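Peer 1: could you look at this predicted model? Sequence included:
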Amino acid sequence: FTVSSALRKAATVKEMLPIILKTTIEVTHADAGVILLGDPIAGDLVVKAGEGLMTHLVGTRLPINDNVPSPVLTTLEPYVIGHAATEPLIPPALRERLQGIETAIVVPLQVGETAVGAMDIAHATPHTFTDSEIRLLATIADMAASAIHRASLFEQLERRVSELSILFEIDRQM
């Protein structure tokens, strides 16, 4: 309910992402988090929003293969990271940038059966994720993915209408 209420304040994807992340961290009592979205042109994931100990990761690009989000994107199941410093699916260069992160969970942001990205919620101290926490995070991720998808479609529609208006004006001038 808290996430849904917070999302009503945002109209664009850029406005939504920090709201989703900040609210999720608050309701789950986590210390940090990131939202990664797929870049279909480059074929990788981009950290689009970050909070807490992971804020500095915004803009980081990750190849879709060989890292933590990969199994999440393919199985559409949450992935728990028990100890970030030794997690084999975290590339060494990224592991160095995760100082202060102990445990985390990565949940898919999916629309239907397609993953559009992932949300990573982390704790600075050891934390065991309960089934109810995992279900809550999965529910928030589903809600967030739907909102992001709808906003993306609306933004695409606005761009196309603008393009058509320009073309119409050019045609009218000719």
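Peer 2: Thanks, I have the structure now. These figures come from a predicted structure and were not determined experimentally.

Peer 1: only C-alpha atoms for contact and neighbour calcs from this point on.
Peer 2: OK.

Peer 1: find the least confident helix or strand in this protein, judged by mean pLDDT.
Peer 2: The element with the least model confidence among the helices and strands of the chain, by mean pLDDT, DSSP states H and E, is helix 2-7, at a mean of 75.

Peer 1: mean confidence score for stretch 109-117?
Peer 2: Taken as a whole, stretch 109-117 carries a mean pLDDT of 87.

Peer 1: go on, stretch 130-137?
Peer 2: 94.

Peer 1: same question, stretch 89-97
Peer 2: pLDDT averaged over stretch 89-97 equals 84, rounded to a whole number.

Peer 1: which helices and strands sit right next to the longest helix anywhere in the chain?
Peer 2: Taking DSSP state H as the criterion, the chain has its longest helix at helix 131-173. Other elements packing on helix 131-173 under the criterion 3 or more Cα pairs under 8 Å, 6 or more residues apart in numbering; DSSP states H and E are helix 2-7, helix 13-28, strand 103-111.

Peer 1: what's the most buried one of the ones you listed?
Peer 2: Stretch with highest mean neighbour count among the helices and strands packed on helix 131-173: strand 103-111 (a mean of 25; mean count of other Cα atoms under 10 Å).

Peer 1: who's in contact with stretch 72-92?
Peer 2: Among residues not part of stretch 72-92, those counted as contacts by Cα atoms under 8 Å, 6 or more residues apart in numbering are 66-68, 71, 95, 98, 101-108, 110, 115, 117-118, 126-127, 129, 134, 138.

Peer 1: so where is the protein shaky, pLDDT-wise?
Peer 2: Regions of the chain meeting the criterion pLDDT under 70 cover residues 66.

Peer 1: can you rerun that using 90?
Peer 2: Low-confidence segments of the chain, defined by pLDDT under 90, are located at 1-16, 19, 38-45, 61-75, 83-86, 88-99, 111-116, 143-165, 167-174.

Peer 1: and the gap between the residue nearest to the spatial centre of it and Ala49?
Peer 2: Centroid check for the chain by Cα atoms, centre = their mean gives Ile35 as the closest residue, at 2.5 Å. When distance is defined by Cα to Cα, to the nearest Å, Ile35 is 5 Å away from Ala49.

Peer 1: what touches both of the two?
Peer 2: Common contacts of Ile35 and Ala49 (Cα under 8 Å, 6+ apart): Leu17, Leu21.

Peer 1: residues touching the closest residue to Val3 other than its chain neighbours, list them.
Peer 2: Distances taken as Cα to Cα, 6 or more residues apart in numbering place Thr23 nearest to Val3, at 5.9 Å, with adjacent residues excluded. Contacts were defined as Cα under 8 Å, 6+ apart; by that measure Thr23 touches Thr2, Val3, Ala6.

Peer 1: perfect, I'm done here.
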